[in-house]
Structures are given as structure tokens and as C-alpha cells.
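>>> any chance you can model this:
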Amino acid sequence: MNKRILVISSLLALGFLGPNAHAMDVHATFNELDKDSNGTLSEAEAGEDAVLHENFSQIDTNQDGQLSLDEFKKFIQ
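Model prediction:
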């Protein structure tokens with residue numbers, strides 16, 4: 001699992017981060033993975049994270065072949 005996602009999730013669960021800090025880090029993580037800066041994650045971009053890659057088709061709820069920020073957020077939560 002992506003270390004940043006694991007750390008964010010762990011800190012949020014333990015109460016060390018508030019919801020705003022989590023939201024900022026989710027955006028930062030998404031933007032870091034979005035190599036072409038088009039606002040979505042392709043399967044290749046998601047492939048940099050094993051968990052995202054393994055679950056890509058389930059995370060891609062509208063089945064358009066891309067992960068939107070909203071789909072990514074729902075998966076992280």
C-alpha cells in the first residue's frame with residue numbers, strides 16, 4: 001500500500017489528523033499520482049500503487065477507465 005495513504009489513514013484513525021488535514025493529503029496524494037495532471041488517474045498511473053491497481057475496476061464506479069478525485073476519495077475513506 002502507498003506509504004502516504006497508509007500513514008494518512010493511520011493518523012486519521014488515531015485522531016491525530018482532523019478531516020481538513022486528511023482532505024489536503026488526499027488531494028496531494030491524488031495529484032502526486034496524476035502524472036499528466038489531467039485531473040484523473042489512468043490505470044497506468046494507478047499502477048504505481050499496488051492496492052489501487054488491484055482494485056482499479058471496483059474503484060472506477062462509472063467504468064470510464066479513469067479514477068476521478070471523487071472515486072479516489074471514496075476508496076480512501
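>>> wait, is Thr29 part of a helix?
Yes. According to DSSP: H, G, I helix; E, B strand; the rest coil, the state of Thr29 is that of a helix.
>>> so Glu48: helix, strand or coil?
Glu48, by the three-state scheme (three-state DSSP), is coil.
>>> please name the residues that touch the residue nearest to it when sequence neighbours are not counted.
With sequence-adjacent residues excluded and distances taken as Cβ to Cβ, 6 or more residues apart in numbering, Glu48 is closest to Leu33, at 6.1 Å. For the C-beta atoms, the positions are set from N, CA and C on the backbone; glycine is no exception. Applying Cβ atoms under 8 Å, 6 or more residues apart in numbering to Leu33 gives the contacts 41, 45-46, 48-49, 52.
>>> which one among the residues you listed gets closest to Gln66?
Leu41 (6.5 Å; Cβ to Cβ).
>>> count of neighbours near the spatially closest residue to Leu41 that is not a sequence neighbour?
Using Cβ to Cβ, 6+ apart and skipping the chain neighbours, the partner closest in space to Leu41 is Leu67 (4.0 Å). Leu67 has 26 neighbouring residues, counting by other Cβ atoms under 10 Å.
>>> model confidence for the residue nearest to Glu48, exactly?
With respect to pLDDT, Leu33 scores 91.
>>> do Phe16 as well
Looking at Phe16, its pLDDT reads 41.
>>> which one of the contacts of Leu33 sits in the busiest neighbourhood?
Within the contacts of Leu33, Leu41 tops the neighbour count with 26 neighbours, counted by other Cβ under 10 Å.
>>> ok, now how distant is that one from Val26?
According to Cβ to Cβ, to the nearest Å, Leu41 stands 12 Å off from Val26.
>>> which neighbours do the two have in common?
Phe72.
>>> please identify the buried residues of stretch 58-69?
Going by neighbour count (16 or more other Cβ atoms under 10 Å), the buried part of stretch 58-69 is 59-60, 66-68.
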